[in-house]
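Trainee: Next come a sequence and a model predicted from it.
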Amino acid sequence: MKTAAHRALDAASVRGVTYADARVVSIRNRSLTVKNGRVGHASESESLGIGVRVMAGGAWGFAASADLSRASVEAAAARAVEIAQASARVKREDVRLAPEPAAVAEWTTPYKLDPFATSVEQNLDLLLKVDAEMRAVAGVTLAETGMNFQREESWFLSSEGARIHQTKYSTGAGYTAYAFAGSEIQKRSYPNSFGGQWQNRGYEQIEEMKLVENARRVAEEAVALHHAAQCPEGTATIILDGSQLGLQIHESIGHPIELDRVLGMEANFAGTSFLTLEKLGNLRYASDLVNVVADARQEHGPGLGTFAYDDEGVAAQSTPIITNGRFTGYLSSRETAHTIGAARSGGTLRAEGWNRLPMIRMTNVSILPGEKPMSLEQLIAATDDGIYMETNKSWSIDDKRYNFQFGCEIAWEIKNGKRVRMLKNPSYSGITTEFWNSMDAICSRDEWTLWGTPNCGKGQPQQVVGTGHGASPARFRNIRVGSAYQGS
Amino acid sequence: MLTKEKAANIFDRIRRFSSADEVEAIFTGSRFALTRFANNAIHQNVEEENSIVSIRTNFAGRTARATANQFDDESLRRAVAVSENLARVQAPDPDLLPMPTADEANSGDKLADKSVRATRFFDETAAITPADRAEVVKSIVSVAGKHKLTTAGIYSTSESREGIFNSRGLANWHHQTLAEISITMLAEDSSGWQKLNSPDVRNLNPARLAETAAQKAVDSAHPREIAPGKYTVILEPAAVLDIVGFMFWDYSGVAILDQRSFLNDRIGAKLFGENINICDDAEHPLQAGSPFDGEGMRRQRVQLVENGVVKRVVYARATAQKMKNSEYAGKVGPIEPTGHGFPLPNEMGEMPLNIVFGGPENPRSVEEMIASTERGVLVTRLWYIREVDPYEKIVTGMTRDGTFLVENGKIQCGLRNFRFNQSLISMLSNVEAMSAPVRASGEESFDMVVPAMKVKKFNFTEATKF
């Protein structure tokens, strides 16, 4: 594999490029689902190829090929140079790369159990047990469970001398119980919706999830929602569970701090950002209690945004994003670092695979837990009147990341520190900075989980990568609730 | 680049490596290039070439799939072995059918003379070079400069091949090209957008798209904020396709059997206005894509909605069989395989992906819709649409890149963008006027042939800050 990358760099260098890198990536994936007692989907896939990125005439070109023969790799490098020369015909200024020491490194995700060493029978047996538990509950009309593993091995070589070999494992699993009755479809998911919980770990993560143990409760809640009261419309104190807060961070902090968005590079598709450059260090993003970091290092945890080096060879870092409520950092790359006066990239460039250009992506964008010990039940007990919402059901935010609306699968009304009744179809909405400035309590480390979002889309052609979001439950005051059903 | 002959050769090797009762291979291959621009310059410029084989094996009611992008014997043997291992460990599925023969798969091809089938492969598109794309981008940047705007967007071209072979003699093949341009024009506090694609690059007019996007940015400058509420809206075709796309997952036999469709207990009912007619038609001249489904079955033309009445849903082969034996059999209209299945195994079943809206008796242009509107909102594009309620089909999302106040038959000014929470059932019951359908492309749903629509009582619930 290294030979192919070397050949690409050699072929590019003789064509007069000022910079080149080559990534050979091999990805293996296993995907299993069970639906209503039967295997829904059983598949594995492998993908191998090389992506060559070059700079010529002050502009970028990128070409990728699945064919690792000498002729094909050299042709891809030559094509990348031709493309860069075409790019240079419509440029405003030369691309500037922040300096970065050329790393020579080997790294593998720490794991206990290689997921691909587990048998398919073992995997399916677990999913079928979960499925049976859910379908044992009267009123469940559809039970869906799923499990996914991925192994990504990459070799990164650059014309500056970087030689990095990384292997990343990720695992994910989860399930949903649906109940259709009358004119309503209700659902409940565990441990999270839209694919469950994902981390960069081995199969040990799946074993620790307590999937079977929670299946019946989750299914019973799906059925019970049919008898619950509708979430009211109005203004309320809300408490969000950690998984929903993780998605709130993803959408209203993680995306707006992407420096390429801020600089207009995503304007045609994903959009721009309200976090214009003059706000760095000046904006009161959130209340004093809010501290957010973008941390790709292993010591932050095994998130989907954890690695040793990003896809342009920059070492994993921790960047303070919000410090005691003040906006303090962006997600940056070698190309964009100079726009914020940074001497070095923040190390966030990642690609979906060998055939995609790396771009700025969230790493693990996490809110730090409260320092004062507080459990979720203590937080609820300390709330006179509010709504506790759990597990995302829908999410939407405008293209500058101001106005958002989230729906959750389930909620409970809180009166005098106690959950008094279940609510269905809960939703809340607001403006990003107003929302984060209204946070007045957050649970402590015991309630903190590094959630995985496996399906973050960005770029043209679109790339889907996984991101991590550590969060514990938190409370927000004077939030608009119920607007999703307003007027309908 | 993969050819049908090369694929047939690979499939012969796969068959030799397999001990399964039946074997299927789906081939996809493409050369895809995309030039991306922002801040009036090209900032990303990519090209890739890849070919994939996806192998499905069957053993007496058990099936599984393995995919690879390397075609040496070792890689193919490994993929076959993985597929067989995944299949063997399962319990038999009584609903799994034998793979279709070529006769069965192609029996739905109603075209008497196959030679007249319109090609979707154009040499002019396949021949576009990086330099050609750069010249087009330069012309778009020039339009931005003329209007003192900043532009961002893409120009992509691709050549793709898709084939399906199975051990019962099926060997279907499709190749096509596609060119796509998407342009955003940005001003200080406003923006405009246009997007179009076609298999034939000659159908795209970059200068006209750029001028339209620029005019929208100019005309929506200094947007006013008006209170959210129920408004008459004029949705341009891209806005229509992005929002209605969220209901087509439900026009599926499996969705009905799973009781996750908003059409549960509603097939045969008049759910929409009398003026709503929708079919799925892969052969429509404005459609693109393959004429066969994930099992190789020829895609049929299916009338989904007629005069507002939901007539039926689409079916993969196994779903049709299952539906016929289900308690819903007498309540869901015609039940037969329609050539809309996803590659097996899957849990979603099928879906119509070549949607064509019927044209109205008296089509009205967007300009005529504006002229007939006392007070309303003109919407260029919708964004970040997600489902809020699966049965009432309430979806939420935002307007974007050109939202205008219409008063007394004229565009008055740009508006700050709105959030909507809108039932699609209610929306398609409130359509007052439609244009002639056109091929349209957005970002939230797949490409369709749809009209612009004038809709009353569209439900805006909040406004954002720009």
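Mentor: Nice, thanks for sending it over. Residues are numbered from 1 along each chain as shown, chains lettered A, B, ... in the order given.
Trainee: per-domain residue ranges of the chain.
Mentor: In the absence of a named chain, this looks at chain A. In terms of domains, chain A is parsed into A:2-227, A:230-485 (source: automatic domain parsing).
Trainee: if you could check chain B rather than the one you did, that'd help
Mentor: B:4-31+B:48-114, B:123-217, B:223-466.
Trainee: so residue A:419 is in which element?
Mentor: strand A:418-424 (DSSP states H and E).
Trainee: tell me what that strand is packed against?
Mentor: strand A:229-230, helix A:376-381, strand A:403-415 (3 or more C-beta pairs under 8 Å, 6 or more residues apart in numbering or on different chains; DSSP states H and E). Glycine gets a C-beta too; all of them are placed from N, C-alpha and C.
Trainee: Give me the sheet partners of that strand and which way each runs.
Mentor: Its sheet considered, strand A:418-424 pairs with strand A:229-230 (parallel), strand A:403-415 (antiparallel) by DSSP bridges.
Trainee: Point out the most buried one among the helices and strands packed on strand A:418-424.
Mentor: Most buried of these by mean neighbour count (mean count of other C-beta atoms under 10 Å in any protein chain shown) is strand A:403-415; its value is a mean of 24.
Trainee: thinking again about what came up before, possible to save the domains of chain A as JSON lines with mean pLDDT?
Mentor: Below are the domains of chain A laid out as JSON lines (pLDDT from 0 to 100):
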{"stretch": "domain A:2-227", "mean pLDDT": "97"}
{"stretch": "domain A:230-485", "mean pLDDT": "98"}
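Trainee: Need the mean per-residue confidence for stretch B:129-146.
Mentor: For stretch B:129-146, mean pLDDT is 98.
Trainee: Please identify the buried residues of the helix or strand residue A:123 falls within?
Mentor: Using DSSP H and E, residue A:123 sits in helix A:120-135. For helix A:120-135, a neighbour-count test (16 or more other C-beta atoms under 10 Å in any protein chain shown) marks A:120, A:123-124, A:126-128, A:130-131, A:133-135 as buried.
Trainee: Could you measure from residue B:359 over to chain A?
Mentor: Residue B:359 sits 29 Å away from chain A, going by C-beta to the nearest C-beta, to the nearest Å.
Trainee: which residues are contacting the worst-scoring helix or strand of chain B on mean pLDDT?
Mentor: Lowest by mean pLDDT, DSSP states H and E among the helices and strands of chain B is helix B:102-106, with a mean of 95. Helix B:102-106 is contacted from outside by B:168-172, B:292, B:295-298, using C-beta atoms under 8 Å, 6 or more residues apart in numbering or on different chains.
Trainee: Using JSON lines, please lay out these together with distance to residue A:306 and pLDDT.
Mentor: Listed next are these as JSON lines, based on distance: C-beta to C-beta, whole Å; pLDDT from 0 to 100:
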{"residue": "B:168", "distance to residue A:306": "47", "pLDDT": "97"}
{"residue": "B:169", "distance to residue A:306": "49", "pLDDT": "97"}
{"residue": "B:170", "distance to residue A:306": "45", "pLDDT": "98"}
{"residue": "B:171", "distance to residue A:306": "46", "pLDDT": "97"}
{"residue": "B:172", "distance to residue A:306": "44", "pLDDT": "97"}
{"residue": "B:292", "distance to residue A:306": "42", "pLDDT": "97"}
{"residue": "B:295", "distance to residue A:306": "40", "pLDDT": "98"}
{"residue": "B:296", "distance to residue A:306": "42", "pLDDT": "98"}
{"residue": "B:297", "distance to residue A:306": "44", "pLDDT": "98"}
{"residue": "B:298", "distance to residue A:306": "47", "pLDDT": "96"}
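Trainee: Nearest to chain A, out of the residues you listed: which one, please.
Mentor: Closest approach to chain A among those (C-beta to the nearest C-beta): residue B:295, at 15.0 Å.
Trainee: Can you tell me the closest non-neighbouring residue to that closest one?
Mentor: residue B:341 (5.2 Å; C-beta to C-beta, 6 or more residues apart in numbering or on different chains).
Trainee: re earlier: and the domains of chain B: which comes nearest residue A:240?
Mentor: domain B:223-466 (17.4 Å; C-beta to C-beta).
Trainee: Any part of the helix holding residue A:123 near chain B?
Mentor: Yes - interface with chain B: helix A:120-135 contributes A:120-121, A:124 (C-beta under 8 Å from any C-beta of the partner chain).
Trainee: Summarise which helices and strands that helix is packed against.
Mentor: Secondary elements touching helix A:120-135 (3+ C-beta pairs under 8 Å, 6+ apart): strand A:19-35, strand A:38-56, strand A:142-158, strand A:163-181, helix A:211-224.
Trainee: any idea of the angle the shortest one forms with strand A:403-415?
Mentor: To tie it back to what came earlier, the one meant is helix A:211-224. 90 degrees (axes from the mean of the first three to the mean of the last three C-alpha atoms, to 10 degrees).
Trainee: remind me, longest strand of chain B?
Mentor: strand B:41-59 (DSSP state E).
Trainee: Parallel or antiparallel, list what pairs with it.
Mentor: strand A:59-65 (parallel), strand B:22-38 (antiparallel), strand B:62-68 (antiparallel).
Trainee: Against residue A:272, how distant is the residue of the stretch 351-488 of chain A found nearest chain B?
Mentor: Nearest residue of the stretch 351-488 of chain A to chain B: residue A:403, at 3.7 Å (C-beta to the nearest C-beta). Between residue A:403 and residue A:272 the computed distance is 14 Å (C-beta to C-beta, to the nearest Å).
Trainee: who does residue A:146 bridge with?
Mentor: residue A:33, residue A:174.
Trainee: how many neighbours does it have?
Mentor: 21 (other C-beta atoms under 10 Å in any protein chain shown).
Trainee: just residue B:466 next, same as before
Mentor: The burial count for residue B:466: 17, using other C-beta under 10 Å.
Trainee: What confidence value was assigned to it?
Mentor: pLDDT, residue B:466: 95.
Trainee: returning to that earlier point: list the buried residues in the longest strand of chain B.
Mentor: B:41-59.
Trainee: for the buried residues of helix A:120-135, which one is nearest chain B?
Mentor: residue A:120 (5.1 Å).
Trainee: who wins for proximity to residue B:456 among the strands paired with strand B:41-59?
Mentor: Here strand B:22-38 is closest among the strands paired with strand B:41-59 (C-beta to C-beta), at 37.8 Å.
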